[in-house]
Structures are given as structure tokens and as C-alpha cells.
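[1] Provide a 3D model corresponding to the input given below.
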Amino acid sequence: MGGGQVGGTRPSGRPGIGGSGASAEDLRSHGRRQGSGRAPAEATAERSMAVSNIRYGAGVTKEVGMDLQNMNAKNVCLMTDKNLSQLPPVEVVMNSLIKNGINFQVYDNVRVEPTDSSFREAIEFAKKGAFDAYVAVGGGSTIDTCKAANLYASSPHSDFLDYVNAPIGKGKPVSVPLKPLIAGIASRAIKPTLGLVDPLHTLHMPDRVVANSGFDVLCHALESYTALPYHLRSPCPSNPIARPAYQGSNPISDIWAIHALRIVAKYLKRAVRNPDDLEARSNMHLASAFAGIGFGNAGVHLCHGMSYPISGLVKTYKAKDYNVDHPLVPHGLSVVLTSPAVFTFTAQMYPERHLETAEILGADIRTARAQDAGLVLADTLRKFLFDLHVDDGLAAIGYSKADIPALVKGTLPQERVTKLAPRPQSEEDLSALFEASMKLY
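    Numbering: from 1, shown residues only. Model (predicted):
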């Protein structure tokens, strides 16, 4: 969850870094299951599973110094943001490094919702530091920034766009050896060496940060479970090195996605409403890791693809509980605001999955018809969001119909994720989805 982890498992989506479908949450930025069941001739019937080593438990952060000592690290880069640098999670890490005799430098200028310029600044710091290991203390923004810094410092002559996914960049596979990273660019080549998921850190998160982080987990689970099936994804890579990290929904990712969704349904509201509810916040922290394993291999689709321009084109909106000096639509909020419209649109492909997820989130589906699956899930999501005091659609965060062409234009390059949607979409479809998301309630 957001700012509550020393490391996490967020193989994120910013213009994707890492080649062959890899991403750092896009610099921040179909076939049907019905029918014969046979895959198209050029589709791939293979899948592979990638998971970082994850250590979970209250207080595991104290072990990070020993981990680095065991890796024989001599010069470590500790990355975080200015808010977290003043909070116990960073203090615990620093104390562990000092106790174990680890030499380190702190980079605390990570931008919440990174930009290409904030990535470049961190990369330059990493290049000058000549570090032999990295520790990311924070959420997705810190983890993704640290991954990018590690990658480009390890490949110092590469152009910034070399590892950014096509069509924005060149999409080169990551072939250089990287330094160890303790954290949480979705390329298998740059996944963290170790993710420390310490629920004690979630107790320092304000309620809106908890909510928006939870919405990201919610959409990770929903999107990966309803994504295009792996055996219908095409074309088939000519070489395994070109196989994208995001492969489409598959039986293994499905397990993680559904389990994460059940935890969200049970604990997210509690975690938001009571900052001292360690059980709820611990379970949500664990759900973020579970959903990360699921979508890190299956992928996400339209909610995430549409979220990048929503965050990137922000005008004056500043989210509550985020101590930043710039306009900000948090990633989880930008993702969830389109979710009712998106799942109304995609449900005709896999109505049974949409109904299943609606039931997990509290809907009574005993009399629901397949053709109503999208509306049932959308209404369930709206009630869930209303109960958690989410802004009333894109209009409430500063957008209008006049912004829709720019929002669509910003979505079109996000093919790494939009092509995983179970239902293909045209520019007109995207325009309609943004328009439907202007107001939620």
C-alpha cells in the first residue's frame, strides 16, 4: 500500500520502462472465452510466472541492514520522498544500516507521481554515486523511481527512451546486469531482489492515502482477473526474451487476484476509517502484495491505461492528505474514477467474471442476468466508492468534456495495457468512457 512499505511488489505501469512489455507504471504516466476455445494462430499458449522474494511481518524492516551485509553491499543508495524521510519507516531503515556498518547515501527527492524529469534527476544521482545496492523506502512512486535509477545507472550510455515501451520508446529488453534492489519497470530483469512488506509502516498513512492506495489494489485485482486470457494474446513472441511481463489473465494470476479482492472487500473500509486498526491495515498491505503478483504477471487494462493522462494532465486539483507542492491526482484515485464505466464496457466479454467480482464486493447476484453483469459491477463499485467519500467523477477533480480529446490522446499510446482489455476499444469508445466517468453518482 502506498507509502507504507520498505519495498513492495508493484511492477508498475508509468511510459513503461524495461522493454518487452516491462514498465515502471508508465513513467507514471479479443478474443472471447466463449466459442471453440482455440487460440488464434499467432497467439501464445505459454505463460511464465515472475515473483520477487517477499518477506512479510511486523518489524521486518529492522533486518534490512543484515540483508545488505549478506549481499556484501559497500555503498548503498536509500531512496525515499521528503515526507517519508521524516517518518519512522526511514528512521528504522537508517538505524539498521548504521547498526550493520553499511555505508549509504539518502536521496529524498522522489516526486509523488513521478515525471520524466524527476526520473532523470534520480538517475543522475545514482550514476554519480556508483552504488552497489539500492533500498527504496515508500510506495509505488519511490519503488519505480529507484528501479529506473538502478537500470539507467547500470546502463549509463543508454538513451532515456531505450527501455521505454513502444510506441513511446524503443522498448529494448533489459540485458544489462543490475545492482541488488530491496523494494517492492515490470521487467523480470529488474524486479527487486527482496521486497520487505512491513505492516507497521501503514500506521503512519493518512486516511486518503490509505483509500487511494487501496483503490489501486482493487483495480489491480479487477483488471488482471478480467484481462484478455493469456492464450488469446497475440502475436506470439519469436523469442522468450521478448515475452512481455504482462501476459493476460491466467490460472495462476487469477488465484492471487481473487484472494486480493476478497481482502479488499473485507478490510479496506476498516483500514481507511480507523488508523489504529492494525489487522485491517496489515491485511490491506498483504493484499497489495498479492494483487501485485497477480497483475505483475497478468497485467492490467483500461482503468490503468486511462489513468495516466488523468494524472498527467492535472490542472489545479490537490488531493487531501498529500503534502506536496504541486497539483496531484493520486494514482489510485485516477485509476478508480473510471472503473464503473470501464467494467460496464468490458462485461459483455466475460459476464461471469464481472458478476463474480461484484458478488465478492457485496452484490446480491442470485437473480442477475449475464447481460446485466457490467451494470451490476458498476453499481457495486459506485456504492463502494461513495461509502469511502470518493470525489464525484472526473468533473470533481477539474476535468470537463472539453478535456476528453486530450485524455483520449494520452491513453492511445498506453498499448502495453489497453491491448489487454478483454474488449477492443476505438477512440470513440475511449471518448465515451471518459464522458461516462465525468460524474459517478
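
[2] measure residue 239 to residue 173 for me?
    9 Å (CB to CB, to the nearest Å). All C-beta spots, glycine's among them, are computed from the backbone N, C-alpha and C.

[3] Of these two, which one has the most company?
    It is residue 173, of residue 239 and residue 173, that has more neighbours when counted by other CB atoms under 10 Å, with 18 against 8.

[4] Assign a three-state SS to that one, would you?
    Going by DSSP: H, G, I helix; E, B strand; the rest coil, the secondary structure assigned to residue 173 is coil.

[5] And the strands in the stretch 101-250 of the chain?
    In the stretch 101-250 of the chain, the segments counted as strands under DSSP state E, counting those that start in this stretch are 104-107, 133-136, 181-182, 195-197.

[6] which ones are touching the residue lying farthest from the centre of the chain?
    Seen from the C-alpha centroid of the chain, the residue lying at the greatest distance (CA atoms, centre = their mean) is residue 367, 34.1 Å away. Counting by CB atoms under 8 Å, 6 or more residues apart in numbering, residue 367 makes contact with nothing.

[7] now swap in residue 389 and tell me
    Contacts here follow CB under 8 Å, 6+ apart; on that basis residue 389 touches residue 211.

[8] That one belongs to a strand?
    No. Looking at residue 389 with three-state DSSP, it is coil, so not inside a strand.

[9] And it, how far from residue 183?
    According to CB to CB, residue 389 stands 31 Å off from residue 183.

[10] what sits against residue 265?
    Contacts for residue 265 were tallied using CB under 8 Å, 6+ apart; they are 360, 361, 362.

[11] Need the buried ones from those selected in ChimeraX.
    Of the contacts of residue 265, the buried ones can be selected in ChimeraX as follows, counting by 16 or more other CB atoms under 10 Å:
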select :360,361
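
[12] is it possible to export the contacts of residue 265 to JSON lines including distance to residue 179 and secondary structure?
    Putting the contacts of residue 265 into JSON lines (distance: CB to CB, whole Å; DSSP: H, G, I helix; E, B strand; the rest coil) gives the following:
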{"residue": "360", "distance to residue 179": "40", "secondary structure": "helix"}
{"residue": "361", "distance to residue 179": "41", "secondary structure": "coil"}
{"residue": "362", "distance to residue 179": "45", "secondary structure": "coil"}
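
[13] Which stretches in the stretch 251-400 of the chain count as helices?
    Defined through DSSP state H, counting those that start in this stretch, the helices belonging to the stretch 251-400 of the chain, from first to last, are 251-273, 278-298, 302-312, 331-336, 339-346, 351-360, 373-387.

[14] Run a quick neighbour tally on residue 235.
    Other residues lying near residue 235 total 11 when counted by other CB under 10 Å.

[15] The one 10 residues further on too?
    Neighbours of residue 245 under the rule other CB under 10 Å: 26.

[16] shouldn't it be in contact with residue 295?
    No. Proximity of residue 245 to residue 295 does not meet the contact threshold set by CB atoms under 8 Å, at 9.9 Å.
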